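*Asks:* using only what follows, build the 3D model:
(one chain, ligands or ions: 2)
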Amino acid sequence: MLASLVALSVVTPMFNEREAVDHFVARLRPVLDGLGVTYEVVAVDDGSSDATVSRLLQLRADWPQLRVVALRRNVGHQTALRAGLRAARGEHIVSIDADLQDPPEVIGEMLAKAQTEKVDVVYGVRSDRSTDTVFKRRTAGVYYWMMRRLVGQWVSDQAGDFRLMSRAVVDVLNDLPEPRPVYRLVVPSLGFSSAEVGYVREDRVAGKTKYPLSRMIRLTVDSVTGFSAAPLKIATGVGLLSFALCLVLIVTALVAWGVGTTVPGWTSLYIAVLLLGGIQLICVGMLGEYIGRIYAAIQGRPAYLVSFDTSQPLDTAQPFDTAHQESAGFTVADPADQRERETIS
Ligand code: UDP
Ligand code: MG
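*Replies:* Ligands and ions are numbered 1, 2, ... in the order given. Purely as a prediction, here's the structure:
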């Protein structure tokens, strides 16, 4: 466990957010400065291919509390969040998106609530999603409906990744051996005391969503396989059902043969083969998802690697990226040493 150095850490994963980053900083800074507590902002660059990092480093020159943790490649929102949570050193930790869909003004309310109500988690709850596209709302609706059935009733369909957590919660999260935890499900499952703060989900300030359909599907598969073995049971059920169906077909064929009607030709055969083939492939796929997770866990490869962290102490410093260094005037730790300390299995 890390000793907390500041009262508040604000963790923000960023992937190709060059267009949003200035707006984000402009709105976040006055809020944090106005809280009257010590704070740090941990901006995790998730392997952006645009100028997000260099812009962050420029902004940092003027805002020392802004800390840049750059990952070596794009690892996805949840894993970038994981990198940020592990880097954060605050007494309380807030995770927030960089696109201003989560209003930074709510952070003060979250902190106050955590202190007055003495709770470990304060969820940002979307009281209005009308700015999301119909597609986004529908897919999110299906996702949360499924999660409630598979994972448990505690899953709120209005709580995303905008939340405040105490150091105790983040320490537990950081110790999870799971390779790809889905935080919005894991955090409520831990059972820490919690409260809620409502907010209106705004429009993305600039740029495009980084969650295309393929990523939503990935998040759903991770959520389901990370929490439940129900799909494996579904596979057994469907297999049994198809077996029963085949028995019926056999009986029908025998009866048809007995009464002398022409045996139904290739159609029934064709349907049966297709049906069984499909079911088998689905079952194999489900097994594959779980085996894939076991495989990844056994390999124990780091889910992300930190390229540099602007807050590394000077004594271990070794230049890693001179361009970045010159533009911001900071030094970074030896990447090999960094790998030892900052990666997860
Ligand atoms: N993000 C990230 N890595 C990714 C995709 C997204 O760090 O691979 C960040 C992104 O920069 C933003 C947050 O995760 O700060 C949420 O992403 P986005 O706003 O695109 O998702 P949406 O709000 O559309 O669900
Ligand atoms: Mg967004």
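
*Asks:* need phi/psi at A43.
*Replies:* A43 adopts backbone torsions of phi -90, psi 110, taken as degrees, to the nearest 10.

*Asks:* my read is that it contacts M14, right?
*Replies:* Yes: between A43 and M14 there is a contact under CB atoms under 8 Å: 5.9 Å. (Glycine included, C-beta is placed from N, CA and C.)

*Asks:* so what sits against both of these two?
*Replies:* Here A43 and M14 have 56, 98 as joint contacts, going by CB atoms under 8 Å, 6 or more residues apart in numbering.

*Asks:* is it true that V151 touches F227?
*Replies:* Yes: with contact defined as CB under 8 Å, V151 counts as touching F227 (4.5 Å).

*Asks:* shared neighbours of the two, anything?
*Replies:* In contact with both V151 and F227: 185, 189, using CB under 8 Å, 6+ apart.

*Asks:* more crowded one of those two?
*Replies:* Taking neighbours as other CB atoms under 10 Å, V151 and F227 compare with V151 leading, 21 against 17.

*Asks:* pLDDT value on that one, please?
*Replies:* Listed pLDDT for V151 reads 76.

*Asks:* repeat for the one 3 residues further on
*Replies:* According to the prediction, W154 has pLDDT 76.

*Asks:* pretty sure it sits in a helix.
*Replies:* No: assessed with DSSP: H, G, I helix; E, B strand; the rest coil, W154 is coil; it does not lie in a helix.

*Asks:* next up, the contacts around it.
*Replies:* The contact partners of W154, taken as CB under 8 Å, 6+ apart, are 188-189.

*Asks:* same check, this time on A20
*Replies:* By CB under 8 Å, 6+ apart, the contact list for A20 reads 98-100, 204-207.

*Asks:* dump stretch 100-109 to PDB, keeping only the CA atoms.
*Replies:* Extracted C-alpha coordinates of stretch 100-109, given in PDB (Å, rounded to 0.1, in the frame of the first residue of the first chain):
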ATOM      1  CA  LEU A 100     -16.400  16.300 -20.300                       C
ATOM      2  CA  GLN A 101     -19.400  14.000 -20.500                       C
ATOM      3  CA  ASP A 102     -18.900  13.700 -16.700                       C
ATOM      4  CA  PRO A 103     -19.000  17.300 -15.300                       C
ATOM      5  CA  PRO A 104     -15.900  18.000 -13.100                       C
ATOM      6  CA  GLU A 105     -18.000  20.300 -11.000                       C
ATOM      7  CA  VAL A 106     -19.600  17.300  -9.400                       C
ATOM      8  CA  ILE A 107     -16.200  16.200  -7.900                       C
ATOM      9  CA  GLY A 108     -16.600  18.600  -5.000                       C
ATOM     10  CA  GLU A 109     -20.000  17.200  -4.200                       C
END
